[in-house]
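In: sequence and predicted model, in that order:
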Protein chains: 2
Amino acid sequence: MAAGDRRMSEVRPAVINPDIAVERTAPSFQVEKLVSLLDGGAERTRIRRTVEHVIIADAVFSQENQYFLTQPEQYELAVKKAVHLRQKMEDLGWTDDGPEMWFAFRILGGNLAFAVHSGVFIPTITELGTDAQIAKWVPLARDYQIIGTYAQTELGHGSYLQGLETTASFDPSNQDFILNSPKPSSIKWWPGDLGSSANHAVVLAQLYTQGKCHGMHAFIVQIRSLLDHSALPGVKIGDIGPKMGLEHVDNGYLMLQNIRIPKDNMLNRYSEITSDGRYIKKGSDRINYIAMVFTRVKIITEEMVTALSKACVIAIRYSVVRRQSKLKPGEMEAKILDYQTQQQKLLPQLATAFAFHFMASSLDTFCNQVKVQIKSKGDASSLPELHALSAGLKALISDACSAGVEACRRACGGHGYSKLSGLPSLYSRVVASCTYEGENTVLQLQTARFLIKCLNKIECGEPLPQSVSYLYEPITHDCSAKEKSDFLKPFLYIETYKHRAHRLIKDAGIKLQSLLQSGVEQHVAWNSTSVQLARAAVAHCHYIVVKNFVETLDGLKFEPEIQQVIKMLCDLYALTGILDNAGDFLHDGYLTGKQLDLMTACQLHLLSLVRKEAVSIADAFDYPDEQLNSAIGTYDGLAYQRLFEWAQKAPTNAKVNPAYEKYLKPRFRLAQSKL
Amino acid sequence: MAAGDRRMSEVRPAVINPDIAVERTAPSFQVEKLVSLLDGGAERTRIRRTVEHVIIADAVFSQENQYFLTQPEQYELAVKKAVHLRQKMEDLGWTDDGPEMWFAFRILGGNLAFAVHSGVFIPTITELGTDAQIAKWVPLARDYQIIGTYAQTELGHGSYLQGLETTASFDPSNQDFILNSPKPSSIKWWPGDLGSSANHAVVLAQLYTQGKCHGMHAFIVQIRSLLDHSALPGVKIGDIGPKMGLEHVDNGYLMLQNIRIPKDNMLNRYSEITSDGRYIKKGSDRINYIAMVFTRVKIITEEMVTALSKACVIAIRYSVVRRQSKLKPGEMEAKILDYQTQQQKLLPQLATAFAFHFMASSLDTFCNQVKVQIKSKGDASSLPELHALSAGLKALISDACSAGVEACRRACGGHGYSKLSGLPSLYSRVVASCTYEGENTVLQLQTARFLIKCLNKIECGEPLPQSVSYLYEPITHDCSAKEKSDFLKPFLYIETYKHRAHRLIKDAGIKLQSLLQSGVEQHVAWNSTSVQLARAAVAHCHYIVVKNFVETLDGLKFEPEIQQVIKMLCDLYALTGILDNAGDFLHDGYLTGKQLDLMTACQLHLLSLVRKEAVSIADAFDYPDEQLNSAIGTYDGLAYQRLFEWAQKAPTNAKVNPAYEKYLKPRFRLAQSKL
C-alpha cells in the first residue's frame, strides 16, 4: 500500500487535481517502502501513524488558522498544547524518551511551549545535579509544577562562555550565593520559556569564593513567585520583544540584582563548596558535553531536516499543479516543474533532504556509542572527534537547510511569500538554527581546530580517528573520469570530495604553519587563516555527508527498487555539490573544465530522471496535510481553491480597518458627486 | 563638516560608545564628500537633510514602536502617513516627481500606503489613457478621492501575461464591457492597495469583441462603493492574508462576476472599440514599456540598494561595539569586526552596496535617454537593450541584495534575529523584490534571449548595442596577472568578467545551436539550455556592474581622497565576485589556481584596509537613527542599552499572558508547598 493510498483511504479527498494525480500513476518504486526506510522501519511507521492519528483527531492540537494568530495568541496556544500533550502522554502511557513523544513533537511542528524547560533545564539538572537535587527538582519540573529556563547567553555574550559576566559569590556567613548581573551587557538574554512562563532558571555564572573565580557553574534560581507569578525582589524579567520567527516562544531577559539563593542550589555533581568556602572539584563534567552534542543532533533532525523536507514537499507538489507559460507553442501552459530551471532549484534540495536525513541518523548512532563508551568504560577518547563532527555538521546542515527552504519558497513565486503557503514560517524558523546552539562560523572554526590538530598528530605519527583517517593517505591527483557515466560511480565522487577536503585542510595548515614560522603570533596567524580554515571545515563535513549517503546506499542492496531511487538522489546530491563549488575542484586541476562539462550534462540528465518520480519521493515523507499546514502543498493539489478559501478567513477580512473611517471616508465621499 | 559631526551637532548623543567613537577618529577621507557623492551632489544632500528634518520633527511619521504593531495597526498607520504626507506636500509645495518626495519616501522607509495607487495606477492611466481619461481620473486619484490598484496578476497566473484569464467582453447593445473572472485561477491576486483601500482598479483583461480575442487591455473598474466602501454587486474582494513581510500593504484579491463597466472605461490611447464593436489599434503602446522599466529602476534604488546599505550600516556599527572572545590571550575581548571571518561576511556587502548604487544611477540615466529618444524622435531602437539590461540587473541586484541583507543579519548573531535590530524586516521586504516586477529567473531568461539574438546578429554581420559590443571582440585567453598587485588593476578584472560573460554566452549559444541542428525542437532546445542561459545572463550583468563601477571611479579623478576609498571598494567588489564564482574563471584556464591564490591574498588584504574605514564609509550613507530604526545600529553605538530599553517597551511585557491563569497557575500553586 503506497503512502498515497493510505492517505486516500483515511482522508480521501473528494476531489484531486488531475495534474497531481497523474504524477502518482507509475512510480518506479513502492512508496511505502521508502516511507519505511525514512522512518527507520515499518514498526516505527506504524507507531508514527498511530500518534499522528491521535494528534490530528484532537481539536486542541489543530493548526488551523495558525497563520492568523498574533504573537501573544501563538504563545498562549503553545502553552495550552504543551500542557495538553503532557496530559495526553500520561493518559496514553507515552514516555518522555519513547518514539511516540518524538513523533508527537514532529507532527506538532514543535509549536509547543517549554522546549527549553524540557530539553535543557531538566537535562542540565539530571546531568549536573546530585541525586538529591535530581530527586527534589525533576519530578516538579516534569509535572510542570515549576517551569524552568536555562539562562546562559547574555546581552553582550554568546558563544564565548568564559566571557559571561554574571557572578555567583559564596557568602559563608549566610551559607548562600549572591547572584548578580553587574552591568547591562550581563543581563541574561534570549533564554526560551523565560519571557512569560518560567518561575525557575538554571543560571550559568562565574563562581567566586574566597576571593577567587572558579569559572562557569550552574545554579538553580527561583525568579517568579509560585503564588502570583510576579518577579521576585531583585529580579528584572521580561520578554525580549518581537523576533523574525518563533513567535510562540517567550524568549526573555533576566537581570539579577544581588539575589541570594541557598547553597544547595548550586548543581553539585562535579564540584561543590564547603561550608567555609573551599572549592572542591569532583571529577570531570565531560558527560555534560555529550548532552550538548545530543541537543545538536536532535535539532538537526527536528528543526533542520524536517524544515527542508517539508519545504520540498510543498514546493514540488505546487510545481506540478502550477502552470505557467508555454513550453511548446499551441500546447497548454506547462507545469513549472517541467522547466529545467525549476528542476535545478528544487530537485537538488530533495536530494539534500535525504542526504541530511541519513547523516543525522548516523550521527545519532555515533553519539550513542560515545555515550556508552564514557558511561560504561570511562573512555572519552572519541569525544573530540564527536564534538568536531557534530559542530561542523550542525553548521553545514543548518546553512544548507536554510538556503534550501528559502530556495523552495522563492521557487513558489508570489504564493511562496504568503504565510498561507507554510513556507515563510519554515524559513524564519530554520534559519534561527544557524545562530543558536553555537553560531555557525564559530562551530566551523572549532571543527577546523580539530582538523589542524589532526595534521599535527600525523607529523608526530599518532593515530587518527576514523572520520579523518584520510588525512593519512597520500593526497590524490587528477580524477580519472573519462565519460559521463563515470560520474555516477560513487567511489569516484567520494574520492573527489575527499580530495577537496584534504587539499583545503592541508593548504590551511601550510598557511598557518608558514605564518608561525615567519614569526607571526599564534592568534594573529589563526585569525589571518580563519576564512580558509572555515572553508576547510565545510569541505570536510561535505565529504562526510557524501560518504555517509553512499554507505546508506550500500546498505540497501536487498531492496533494489528503493536502492535505485536513493542512488539517483545520492548522485544528484554529490554532483550538484561539486558543480556548485566547481572552483574548489578545478583549482589544482583535480577536475578539468571538460570533466565538469560532462558532469553538468550528467546532472541535468539526473534532474530529468528525478523529475519523473519527484511527487512520489516527496509523498514518502508522509506528512499529513495537517502537519504541512500549507494551502499550496496539500496532497490533493488543490492549491488555488485552498488559497482562496483560507484567505477569506483572514481576520483582516472580518471587519473594515479603522483607517477607512478615520482617513479615507471624507475624501471618497467627495468623489461620489464627480463620478 | 563630516556626516558624523552633523549628526553630533544636530542630535548630539549624551553618551557615545568609545568603541565606536575611536573608529571615527582618523578616516582617510572627508566623510561629507562621500555623502555628497552618494547623494549626487551637495545640493541634493542639502535638500535631503531638509526633508529629513521635516519628517523627523513630525510625530505622525515616527517609526517608534513600529516593531510592536500588529498587521492591521501597521496598515492603519501606513494610510495615516500617506494621507498626512499628501497634506504636507501640498503645504510645503513639494511636487510629485521632485527630489523632496523621493527623499521623503526614502526616510519613511516606504512604510506608506498607496504605493501601487501612486506608482502604478496613476501612471498607467497617464500612459494608456486618452487626454480626456487622464483629465477625468488623475486629479481625483492624486487627491486620494479615489484610490486605485493595478489588477494584473491572477491566482493562477503571474509572469506570463498571455495566460491571464480575466475577460472583458464588449456588448454593443449596451455600449459597455462585461468583466468576468471565469474560474478560481483567474481571481486577481496580490495587487497592493486592493485588500482594504481601493475603490477603483485598473483591471488587465483579455478583450473580446465580435467574437474575437484581442489580447490584454486595461480597464478602469469601480470595485467598492464611494459612500460606504462596501464591495459593489458582483465583486468579491478582500485581503489575501498574512505574508512574510510588507505587513503595512493590503495585498488583495478581486473576483469579478459579470460586472458591467461603461465603454469609456477602457483605456483608449492606443486602441479603441467602435460603437458597433470593431477593434481599432492606434499606434504602438511601447511607451508603456518604458514605464515598466522605470518602475524596475526605481525599485532597484528604493527597495534593494537602500535595504542593503541600511543592513551594512547596522551590522558594521554593531560589529565594532560587540566584543566576543579573545584574539590575543590576556587582552580584552575583541571587536567582532576584527575577525577575518566577520570582515569577509560584511565588507564585500558594503562594496556591493556602492556597486549597485552607481549601477542604478547609470541605469536611470540610460532609461531617461531612451525615453527622450522615443518621445522626441519616435526612435525605440534602444528599447530591447534597455529591457534586457533592466531585467537582468533587476534579477542580479535583488538576488544579491537579499543575500547581502541576510548575511548582515546573520553576522549580528542572536540580536540579528530580533526585530528590534531592524534587520529581519529589511530582509523580509527586500526578498520580495526577487519575485515581484518579474520573477528573477524569468527575467534572466529574457536577458538571455536578447543575448542569443545578439549572437545571431553577429553571424549576420549586424551591429550590436553598446553594452554587448564585446561579443564582437575575439574571445580572450588567459589572464596576464603575475603578482598580487596586478589584481588591483581595473582593466584586468574588467577583462576577466568580460571573458567569463563572453564564454558563458557563447557556450550556451553553441549548445542551443547544436541541439537545434541535431533536430531537437526549438522549445525543447531552449528549455534544455535554460540553466546555462540564465547563468550566462547573470555573468553578463555582473560584468556590466563591474565595468560601471570602474567608470564611476574614473569620473572621480579630481577627488583623489574619495577616489581612493571608492577604488578600494571597487577592487573588493570585483575580486570577491571572482573568488565567489571561481569555477567560472578556472573552467577554461583563463585564471589558474595559482592566480586565484594571489587574488585571495589580495582580497584578504583589501578586507583589512576597508576594515579601518568601515564605520566612516557606513556613516556616509548618512541615515538618521530614526530612519534605520535599529536598536543595535545607532550612530552612538549604544546597542545593549537600547535593546534593553526597547525590549522593556514590548506590549508583551505590559500584561500577563492569559496562559498563566488558564493553564499554569493551578500547577504552580502545587509546587508552593513543596519548595
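Out: Arrived safely, thanks for sending.
In: number of nearby residues for residue A:51?
Out: Neighbour count for residue A:51, taken as other C-beta atoms under 10 Å in any protein chain shown: 22. Every C-beta, even on glycine, is put in place using the N, C-alpha and C of the backbone.
In: ok, it touching residue A:108?
Out: No: applying C-beta atoms under 8 Å, one finds residue A:51 not in contact with residue A:108, separated by 10.0 Å.
In: which elements pack onto the longest helix seen in chain A?
Out: Criterion DSSP state H: the longest helix present in chain A is helix A:340-377. Using 3 or more C-beta pairs under 8 Å, 6 or more residues apart in numbering or on different chains; DSSP states H and E, the elements in contact with helix A:340-377 are helix A:286-299, helix A:306-321, helix A:383-411, helix A:522-554, helix A:560-580, helix A:593-619, helix B:440-459, helix B:522-554.
In: for residue A:508, find the nearest of those helices.
Out: In this view, the helices and strands packed on helix A:340-377 are compared for proximity to residue A:508 by C-beta to C-beta, and helix A:522-554 is the closest at 4.5 Å.
In: for the closest one, buried residues please.
Out: Buried residues in helix A:522-554, defined by neighbour count with 16 or more other C-beta atoms under 10 Å in any protein chain shown: A:525-550, A:552-553.
In: packing partners for that helix?
Out: For helix A:522-554, the packing partners by 3+ C-beta pairs under 8 Å, 6+ apart come out as helix A:340-377, helix A:383-411, helix A:440-459, helix A:490-517, helix A:560-580, helix B:340-377, helix B:593-619.
In: from chain B, how far off is residue A:426?
Out: As for residue A:426, its distance to chain B is 11 Å (criterion: C-beta to the nearest C-beta, to the nearest Å).
In: so what pLDDT did that residue get?
Out: Reported pLDDT at residue A:426 in the predicted model: 97.
In: what's near enough to touch it?
Out: Residue A:426 sits next to A:307, A:310-311, A:405, A:409 when contact means C-beta atoms under 8 Å, 6 or more residues apart in numbering or on different chains.
In: hmm, 7 Å instead?
Out: By C-beta atoms under 7 Å, 6 or more residues apart in numbering or on different chains, residue A:426 lies in contact with A:307, A:310-311, A:405.
In: if you rank these by neighbours, which is first?
Out: residue A:311 (33 neighbours).
In: before we move on, back to that, among the helices and strands packed on helix A:522-554, which is nearest residue B:668?
Out: helix A:340-377 (33.8 Å).
In: the closest one - what's its average pLDDT?
Out: 95.
In: also stretch A:640-647?
Out: For stretch A:640-647, mean pLDDT is 96.
In: output it as CSV, nothing but the C-alphas.
Out: C-alpha atoms of stretch A:640-647 as CSV (Å, rounded to 0.1, in the frame of the first residue of the first chain):
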residue,chain,number,x,y,z
TYR,A,640,-5.8,27.7,-5.7
GLN,A,641,-9.0,26.6,-4.2
ARG,A,642,-7.4,26.3,-0.8
LEU,A,643,-5.6,29.6,-1.0
PHE,A,644,-8.8,31.4,-1.8
GLU,A,645,-10.7,29.6,0.9
TRP,A,646,-8.0,30.3,3.6
ALA,A,647,-7.5,33.9,2.6
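In: does chain B have contacts with it?
Out: Yes: judged by C-beta under 7 Å from any C-beta of the partner chain, stretch A:640-647 and chain B are in contact via A:640-641, A:643-644, A:646-647.
In: got it, and stretch A:112-119?
Out: No: between stretch A:112-119 and chain B, judged by C-beta under 7 Å from any C-beta, nothing touches; the nearest distance is 7.8 Å.
In: any idea which element residue A:90 lies in?
Out: Using DSSP states H and E, the element containing residue A:90 is helix A:71-92.
In: one step back: among the contacts of residue A:426, which one sits closest to residue A:64?
Out: Nearest to residue A:64 out of those is residue A:310 (C-beta to C-beta; 17.2 Å).
In: any idea how far residue A:638 is from the closest one?
Out: Relative to residue A:638, residue A:310 is positioned 18 Å away (C-beta to C-beta, to the nearest Å).
In: next: residue A:415.
Out: Taken as C-beta to C-beta, the span from residue A:415 to residue A:638 is 13 Å.
In: between those two, which is the more surrounded one?
Out: Just comparing residue A:415 and residue A:638: by other C-beta under 10 Å the higher neighbour count belongs to residue A:415, 26 against 21.
In: residue A:260 belongs to a strand?
Out: Yes: when DSSP: H, G, I helix; E, B strand; the rest coil is applied, residue A:260 is found to be in a strand.
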